[in-house]
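J.: Dropping the sequence and predicted coords here.
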Amino acid sequence: QVQLVESGGGLVQAGGSLRLSCAASGRTLSRYALGWFRQAPGKEREFVAATNWSGHSTDYTDSVKGRFTISRDKTKNTVYLQMISLKPEDTAVYYCAARLWEYRSSWYSYDYWGQGTQVTVSS
């Protein structure tokens, strides 16, 4: 079992920055791909970013390319999502998720989930 705990969410003005963290326990993340997803009220959960098990391959949804960066620190068993130039449309609950080896953009492909952290961007 892998337990994931997100942190770092909050309220920020448009144009601001936040860094989300997702700390894992239970197992090392060295074999796991990690993804960030988000869900706004009344909307489906959507893919944001992901990195494969080695960290050498990443992917982003088009709306965050150039603004968000996913990274992982294997020594800390943690994955991060650095977010800059935030927009009101980025407002959502952000979740991290894990699956073995390679990432997928479909949320149902992931086996382990955190509880989520709220990000609110004011205009």
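T.: Here it is on my side, so go on.

J.: Going by C-alpha atoms from here, please, whenever you check contacts or count neighbours.
T.: Noted.

J.: Low-confidence bits of the chain, can you list those?
T.: For the chain, no stretch has pLDDT under 70.

J.: Now do the strands in it.
T.: 3-7, 10-13, 18-25, 32-39, 46-51, 58-60, 68-73, 78-83, 92-100, 112-113, 117-122 (DSSP state E).

J.: what's the closest non-adjacent residue to residue 32?
T.: residue 100 (4.3 Å; C-alpha to C-alpha, 6 or more residues apart in numbering).

J.: hang on, the earlier thing: among the strands of the chain, which comes closest to residue 106?
T.: Checking those against residue 106 by C-alpha to C-alpha gives strand 46-51 as the closest, at 6.8 Å.

J.: which other helices and strands contact that closest one?
T.: Identification of packing neighbours for strand 46-51 by 3 or more C-alpha pairs under 8 Å, 6 or more residues apart in numbering; DSSP states H and E yields strand 32-39, strand 58-60, strand 68-73.

J.: at 10 Å instead, please
T.: On a contact count with 3 or more C-alpha pairs under 10 Å, 6 or more residues apart in numbering; DSSP states H and E, strand 46-51 meets strand 32-39, strand 58-60, strand 68-73, strand 78-83, strand 92-100.

J.: Determine which of the ones you listed approaches residue 117 most closely.
T.: Smallest distance to residue 117 across the helices and strands packed on strand 46-51 (C-alpha to C-alpha): 5.3 Å, for strand 92-100.

J.: hang on, the earlier thing: which one of the helices and strands packed on strand 46-51 lies nearest to residue 108?
T.: Nearest of the helices and strands packed on strand 46-51 to residue 108, taken as C-alpha to C-alpha: strand 92-100 at 10.0 Å.
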